[in-house]
Each structure stands twice: as structure tokens, then as C-alpha cells.
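**Student:** Fold the following, please.
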Amino acid sequence: MPVTQTRYAIDPATAKTLDTGQLRDHFHVGGLFAAGQIKLVYSHYDRLILGSAVPAGAALTLDHMAETGTANFLERREMAVLNIGETGTVSVDGADHSLDNGEVLYIGMGAGAVTFSGAGRFYILSAPAHQTYPTTLIKLSDARRVEMGAKETANERVIIQFLHPDVCQSCQLLMGYTQFAEGSVWNTMPAHVHDRRMEAYLYFGMPEDSRVFHLMGEPSETRHIVMANEEAVISPPWSIHSGAGTSSYTFCWAMAGDNVDFTDMDMVPMGDLR
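**Tutor:** Numbers count the residues shown, from 1 in each chain. As a prediction, this is how the structure comes out:
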């Protein structure tokens, strides 16, 4: 059985009263990747589930999570799996899919149990679904790459889109990751919000002594959470989601909500941030 926890949704007026520890209790997710375990966090923001599976030599199967209230995990859900480790295997409905580092497997609603094996470090994302789409292995060569930013503004980066209408059909999940060039540290700035969708970030590919200062909160009432390597953060629909690191890094972004329009963002003028 997976190790699970639940995170409840709170409103922005409550969020701005929280101290550092309370902010982390609600939005920060640490200790995700544990050898020999599946760990899952059930968020009440659009019912997104994020988590991990680290087989470490023994196969791990995800078939049930009590929090979903369904007979099996994917009965009314879809899933994306990102491998941030060495080559591993994800088995779905009798088919084995080999994932190299940086590759993504999309798994459609109703696919059944999912088994993880090999040397992978698997990051799991799941959202409710009302339509099923084929299970699809998305290699780096299949993903959509968008070059953005500049060295002069310390945000030279490439956005690599996997679960995106131009790459792989999904019901509700959008997902990919952003990699920064050496010397660039600012992500998602100028900031934006999108009240139609929540978002979650996983920061990875960081030196152990590096940190990202993740910015959150309403544009007029910002807060920060200090993130280390392989830690995740839940971003409510009313919150910005930006950050700056002490070195370059990669972060996986995932969204769930009313639409799969990647560009559906309400931009925040720099002068409005407080």
C-alpha cells in the first residue's frame, strides 16, 4: 500500500496569516522519494495527486488509494509518470514501458494497476478524468521545446512540454518541465495566476546545498517557501508560482482544472507585486 497524506484547500485570506512552518505544512512536500516505497499526496486543489515510486530493486504496484473512494486508483483518473532517475520500467495493462531519464509516460483513465520496477525514480501526477486516452510513452524527441528568456535577465531556459495538446492528448492534466541554462535562476517571472487551474512544481536536478526560494501568495501579499532538491510545492489557483535559485535547476510543472490551454494565464505586472 502507498504511504499517503492529505492536503486541504485554504483561502488566500487564511494563507496570509500563516507563519513559515504553517505555510510548509499546507504547501511544501518534502521526503517524497524513499527507496522501496510509493508515497502519494492527495490535494484538495482540483483533487490533484502527486507522489513518487522508487523501486530500488523490488517492483512496486499502485492499484488502490483509499482517499479516491474508488475500487482502483485509475478507475476515474489519468496519470503522468516522469522518470528523474536511471532507466526504469512502468508496466500498465500487461505492457512494459521503459523510461529513460527525463521521459514521461501518460496513462489513461481505466488502465488498471501500475507497476514500477528497475532503477527509476518516478514522479507521479494524477488528476480526475472524464474521458480516456491511450497510454503513451513520450520520449524527449517527441516533446515540444520552447526556448525562452535571456542571460541578461537570468532566466534563459527551455520549456519542455509533454502533456500538451500539441504532443499528447489528456483529459485534464498538463505537464512538462523547465530547464535553466547555467547562470540563470529566475522562473516564471513576470508572474501570473490562473484561477481556472491549480499547479504543482517539483524542483530537481539541484546540488544538495542549493536552494530555490519559491514565491507564492496573492500578487499583493506574497510569501516564500525554501525548496531543496526533489521537493515539491502545491500552488493554489489564486497564487503566483515563481522563484529564484542559488544555482540553475529544473522544475516539473503540472496543472489540473478547467482547461488544457497552456497559455491561459493572467499576467501580473511587476509593479503590482508586493
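**Student:** what's the pLDDT at G88?
**Tutor:** Reported pLDDT at G88 in the predicted model: 98.
**Student:** Make sure it is actually in contact with T115.
**Tutor:** No - in this structure, G88 is not within contact of T115 by Cβ atoms under 8 Å, at 10.7 Å. C-betas here are computed from N, CA, C, even on glycine.
**Student:** Looking at those two, which has the bigger crowd around it?
**Tutor:** G88 (23 against 16; other Cβ atoms under 10 Å).
**Student:** and stretch 32-41, C-alpha only, in CSV?
**Tutor:** What follows is stretch 32-41, C-alpha atoms only, in CSV (Å, rounded to 0.1, in the frame of the first residue of the first chain):
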residue,chain,number,x,y,z
LEU,A,32,9.0,12.3,-1.4
PHE,A,33,11.5,9.9,-2.8
ALA,A,34,12.0,7.0,-0.5
ALA,A,35,13.7,3.7,-1.5
GLY,A,36,11.2,0.8,-1.8
GLN,A,37,8.1,3.0,-1.3
ILE,A,38,5.2,4.6,-3.2
LYS,A,39,4.4,7.9,-1.5
LEU,A,40,1.3,10.0,-2.5
VAL,A,41,-0.1,13.4,-1.5
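**Student:** residues of it that come out buried?
**Tutor:** Within stretch 32-41, the residues that count as buried by 16 or more other Cβ atoms under 10 Å are L32, F33, Q37, I38, K39, L40, V41.
**Student:** Switch these over to JSON lines; also include distance to A129, secondary structure and pLDDT.
**Tutor:** Supplementary listing: the buried residues of stretch 32-41 in JSON lines, determined by distance: Cβ to Cβ, whole Å; DSSP: H, G, I helix; E, B strand; the rest coil; pLDDT from 0 to 100:
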{"residue": "L32", "distance to A129": "23", "secondary structure": "coil", "pLDDT": "97"}
{"residue": "F33", "distance to A129": "26", "secondary structure": "coil", "pLDDT": "98"}
{"residue": "Q37", "distance to A129": "25", "secondary structure": "strand", "pLDDT": "98"}
{"residue": "I38", "distance to A129": "20", "secondary structure": "strand", "pLDDT": "98"}
{"residue": "K39", "distance to A129": "22", "secondary structure": "strand", "pLDDT": "98"}
{"residue": "L40", "distance to A129": "17", "secondary structure": "strand", "pLDDT": "98"}
{"residue": "V41", "distance to A129": "19", "secondary structure": "strand", "pLDDT": "98"}
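**Student:** Just give me the closest of those to F73.
**Tutor:** L40 (9.0 Å; Cβ to Cβ).
**Student:** Regarding the residue nearest to that closest one when sequence neighbours are not counted, which helix or strand does it belong to?
**Tutor:** Nearest residue to L40, sequence neighbours excluded (Cβ to Cβ, 6 or more residues apart in numbering): G51, at 3.6 Å. Using DSSP states H and E, G51 sits within strand 49-54.
**Student:** What pairs with that strand, parallel or antiparallel?
**Tutor:** Here strand 49-54 is paired, per DSSP bridges, with strand 37-43 (antiparallel), strand 122-128 (antiparallel).
**Student:** of all those, which lies closest to L173?
**Tutor:** strand 122-128 (4.9 Å).
**Student:** Which helix or strand in the chain has the lowest average pLDDT?
**Tutor:** strand 266-267 (a mean of 94; mean pLDDT, DSSP states H and E).
**Student:** ok, and what's touching it?
**Tutor:** For strand 266-267, the external contacting residues (Cβ atoms under 8 Å, 6 or more residues apart in numbering) are P190, A191, H192, V193, H194, D195.
**Student:** M198 should be in a strand, yeah?
**Tutor:** Yes - according to DSSP: H, G, I helix; E, B strand; the rest coil, M198 belongs to a strand.
**Student:** Tell me the spacing between it and A256.
**Tutor:** Distance, M198 to A256, using Cβ to Cβ, to the nearest Å: 6 Å.
**Student:** Just after the lengthiest helix in the chain, pick out the following helix or strand.
**Tutor:** Secondary structure of the chain per DSSP state H: the longest helix is helix 20-27. Sequence order places strand 28-29 as the next helix or strand after helix 20-27, per DSSP H and E.
**Student:** and that next one, what does it pack onto?
**Tutor:** The contact analysis (3 or more Cβ pairs under 8 Å, 6 or more residues apart in numbering; DSSP states H and E) places strand 28-29 against strand 231-235.
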